[in-house]
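1. Take a look and give me a structure for this.
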Amino acid sequence: MTKWYGFRRPDGQVGCRNYTLILSATIYANSTVERVANTIYGAIPITHHLGRCQTKSDLKMTFDVLCGLAKNPNVGGVVIIDHFREELCNIDDMAHEISKTGKLIETVNIRDAGGVLNATAEATRKAMYITRELSTGLGIFVTVIFYIVFGVFFNVPLPKGIIIEALR
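-> Now for the predicted structure:
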């Protein structure tokens, strides 16, 4: 009998990877996306040079491509980072479209967060939460270590219960 080990998604799709995707909704969020993805072990950054001054049909295509990447069965969760709410390609619409798959989704708007540093800290916390939810065993210990290291620099407290969960 042959066994295949993978991850069944809430929408019935099956993936062989369990990536946390850090997705840029617009060009102005690219550096924040890269920074967050470099902080989270195994996170995949998706950046692009589009998002502003596009025609409606181009924005629709950008929206479809970005959402399609996030809907991939090898993606377990997504953090969408935006700077300016574009009419057709914004975090609210993207989160709604991706949520049809049942994946974990978090959003961060750089302006709403109060700037790049605050947005980076908030997005990193959210990405760590998703990574922790997708992780088993050793992944939780790695998450605890990242929270401790990241918390020293950005004053980010450990989520309640993470130590207890790590000790189980």
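
2. Can you pull out the low-pLDDT segments for this structure?
-> 1, 51, 86, 136-168 (pLDDT under 70).

3. hmm, try it at 90
-> 1-18, 26-27, 41-42, 49-60, 62, 83-91, 132-168 (pLDDT under 90).

4. what's the single longest helix in it?
-> When the chain is parsed with DSSP state H, its longest helix is helix 116-134.

5. What is the longest strand of the chain by residue count?
-> strand 75-82 (DSSP state E).

6. Going by contacts, tell me the helices and strands next to that one.
-> strand 19-24, helix 30-39, helix 56-70, helix 91-99, strand 104-109, helix 116-134 (3 or more Cβ pairs under 8 Å, 6 or more residues apart in numbering; DSSP states H and E). C-beta: built from backbone N, CA, C; applies to glycine.

7. now, of the ones you listed, which is deepest in the fold?
-> Across these, averaging neighbours per residue (mean count of other Cβ atoms under 10 Å) puts strand 19-24 on top, at a mean of 26.

8. For the residue nearest in space to the middle of the chain, give the beta-bridge partners.
-> Here the mean C-alpha position of the chain is nearest to the C-alpha of V79 (Cα atoms, centre = their mean), at a distance of 2.3 Å. When assigned by DSSP bridges, V79 has beta-bridge partners I22, E106.

9. Isn't it up against A25?
-> No. V79 lies out of contact with A25 (Cβ atoms under 8 Å); the separation is 10.7 Å.

10. returning to that earlier point: ok and the longest strand of the chain relative to strand 19-24, angle-wise?
-> Counting by axes from the mean of the first three to the mean of the last three Cα atoms, to 10 degrees, strand 75-82 lies at 20 degrees to strand 19-24.

11. Quick one: distance of strand 75-82 to the chain centre.
-> 3 Å (Cα atoms, centre = their mean, to the nearest Å).

12. now stretch 32-42
-> Centroid separation for stretch 32-42 versus its chain: 9 Å, with Cα atoms, centre = their mean.

13. How about stretch 123-136?
-> The answer for stretch 123-136 is 8 Å, by Cα atoms, centre = their mean.

14. What of stretch 41-54?
-> For stretch 41-54, the distance to the chain centre is 11 Å (Cα atoms, centre = their mean).
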